[in-house]
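> I need the structure of the sequence given here:
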Amino acid sequence: MADDEFKRRLVRVEELYRELVALREGAKGGVGSGKEALVLAELQLDNAWRELYEFMELPLTPEGGTTGERA
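So this is what the prediction gives:
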């Protein structure tokens, strides 16, 4: 069951990454077009990574903390 959850979360990270890359490729030609969508996609990817790390019980910072807070 944990393997299925890990795979589901990893697939979600991969999907969000592909979406972000596509948005970046599409935004190269336009000035200011799609900036909000790009920022939203980056935030969604960041959140998906955080959730994956928390699921795996890995630290979010190099110092080993799991809260993601900086000193």
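> count of neighbours near Glu57?
Using other C-beta atoms under 10 Å, Glu57 has 7 other residues around it. Backbone N, C-alpha and C define where each C-beta goes, glycine included.
> Low-confidence bits of the chain, can you list those?
29-33, 64-71 (pLDDT under 70).
> how about the helices in it?
2-27, 35-55 (DSSP state H).
> will you turn those helices into TSV that also has mean neighbour count and distance to Glu63?
TSV is the format used below for the helices of the chain (neighbours: other C-beta atoms under 10 Å; distance: least, C-beta to C-beta, whole Å):
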stretch	mean neighbour count	distance to Glu63
helix 2-27	13	23
helix 35-55	14	14
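> What separation do you get for the residue positioned nearest the centre of the chain and Leu23?
Nearest to the geometric centre of the chain sits Leu45, at 2.0 Å (C-alpha atoms, centre = their mean). The spacing between Leu45 and Leu23, counted by C-beta to C-beta, to the nearest Å, is 11 Å.
> looking at the helices of the chain, which is closest to Thr61?
helix 35-55 (10.1 Å; C-beta to C-beta).
> Contacts for that closest one next, please.
5-6, 9-10, 12-13, 16-17, 19-20, 23-24, 27, 59-60, 66, 68 (C-beta atoms under 8 Å, 6 or more residues apart in numbering).
> That one versus helix 2-27: what angle between them?
160 degrees (axes from the mean of the first three to the mean of the last three C-alpha atoms, to 10 degrees).
> Return the alpha-carbon coordinates of helix 35-55 using PDB.
Only the C-alpha atoms of helix 35-55 are listed here, as PDB (Å, rounded to 0.1, in the frame of the first residue of the first chain):
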ATOM      1  CA  LYS A  35       3.200  34.500 -15.800                       C
ATOM      2  CA  GLU A  36       0.500  33.700 -13.300                       C
ATOM      3  CA  ALA A  37       0.100  30.200 -14.700                       C
ATOM      4  CA  LEU A  38       3.800  29.700 -14.600                       C
ATOM      5  CA  VAL A  39       4.100  30.800 -10.900                       C
ATOM      6  CA  LEU A  40       1.100  28.600 -10.000                       C
ATOM      7  CA  ALA A  41       2.600  25.600 -11.700                       C
ATOM      8  CA  GLU A  42       5.900  26.200  -9.900                       C
ATOM      9  CA  LEU A  43       4.100  26.400  -6.500                       C
ATOM     10  CA  GLN A  44       2.100  23.200  -7.300                       C
ATOM     11  CA  LEU A  45       5.400  21.400  -8.200                       C
ATOM     12  CA  ASP A  46       7.100  22.600  -5.000                       C
ATOM     13  CA  ASN A  47       4.100  21.500  -2.900                       C
ATOM     14  CA  ALA A  48       4.100  18.100  -4.600                       C
ATOM     15  CA  TRP A  49       7.800  17.700  -3.800                       C
ATOM     16  CA  ARG A  50       7.300  18.700  -0.200                       C
ATOM     17  CA  GLU A  51       4.500  16.200   0.200                       C
ATOM     18  CA  LEU A  52       6.600  13.400  -1.300                       C
ATOM     19  CA  TYR A  53       9.500  14.300   1.000                       C
ATOM     20  CA  GLU A  54       7.200  14.300   4.000                       C
ATOM     21  CA  PHE A  55       5.700  11.000   3.000                       C
END
